[in-house]
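S.K.: what follows is a predicted protein model with its sequence.
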Amino acid sequence: MDNLTPKEIVAYLDKYVIGQNAAKKTIAVALRNRYRRMQLDIDMQQDVTPKNILMIGSTGVGKTEIARRLAKMMNLPFIKVEASKYTEVGFVGRDVESMIRDLAATAMQIV
């Protein structure tokens with residue numbers, strides 16, 4: 001990631017995700033900025049607020065694939081949870097606590 005520019009990140013994503021140009025550019029810049037923040041001294045890091053991204057959109061537009069490909073490019077773990085399965089406690093389905101437990105358990109296996 002040291003020398004990777006947002007243009008190079010977008011070019012990588014272009015190989016796998018059709019369209020979504022604005023999303024790919026925004027995410028590429030955010031990823032580069034996050035990496036640059038991590039390179040700062042710990043004291044300076046606290047002065048630079050990280051900018052998180054929430055991707056929303058219809059099914060099949062490429063949100064998951066963008067995240068999956070970025071994780072692969074950066075050699076980072078990727079875990080996907082279907083949020084549509086969330087339910088309130090007492091209803092049929094899965095509650096938030098059980099999903100978080102599953103995510104934590106999966107993350108521990110990756111590490």
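M.R.: Arrived safely, thanks for sending. Because the structure is predicted, anything quoted here is derived from the model rather than measured.

S.K.: alpha carbons only for contacts and neighbour counts from here, please
M.R.: OK.

S.K.: longest single helix anywhere in this structure?
M.R.: For the chain, the helix with the greatest residue count under DSSP state H is helix 21-38.

S.K.: can you give me the buried ones in it?
M.R.: Lys24, Lys25, Ile27, Ala28, Val29, Ala30, Leu31, Arg32, Arg34, Arg37 (16 or more other Cα atoms under 10 Å).

S.K.: stretch 52-59 too?
M.R.: In terms of neighbour count (16+ other Cα under 10 Å), stretch 52-59 has no buried residues at all.

S.K.: now the end-to-end length of it.
M.R.: Distance across stretch 52-59, first residue to last, is 21 Å (Cα to Cα, to the nearest Å).

S.K.: now do it, average pLDDT.
M.R.: For stretch 52-59, mean pLDDT is 85.

S.K.: with stretch 96-110 instead?
M.R.: On average, stretch 96-110 scores 78.

S.K.: so which helix or strand of the protein has the lowest pLDDT on average?
M.R.: helix 96-110 (a mean of 78; mean pLDDT, DSSP states H and E).

S.K.: look up how far Thr26 lies from the residue nearest the centre of the chain.
M.R.: Nearest to the geometric centre of the chain sits Ala67, at 4.8 Å (Cα atoms, centre = their mean). For Ala67, the distance to Thr26 equals 12 Å [Cα to Cα].

S.K.: sorry, back to before: right, and the helix or strand after the longest helix of the chain?
M.R.: helix 42-45 (DSSP states H and E).
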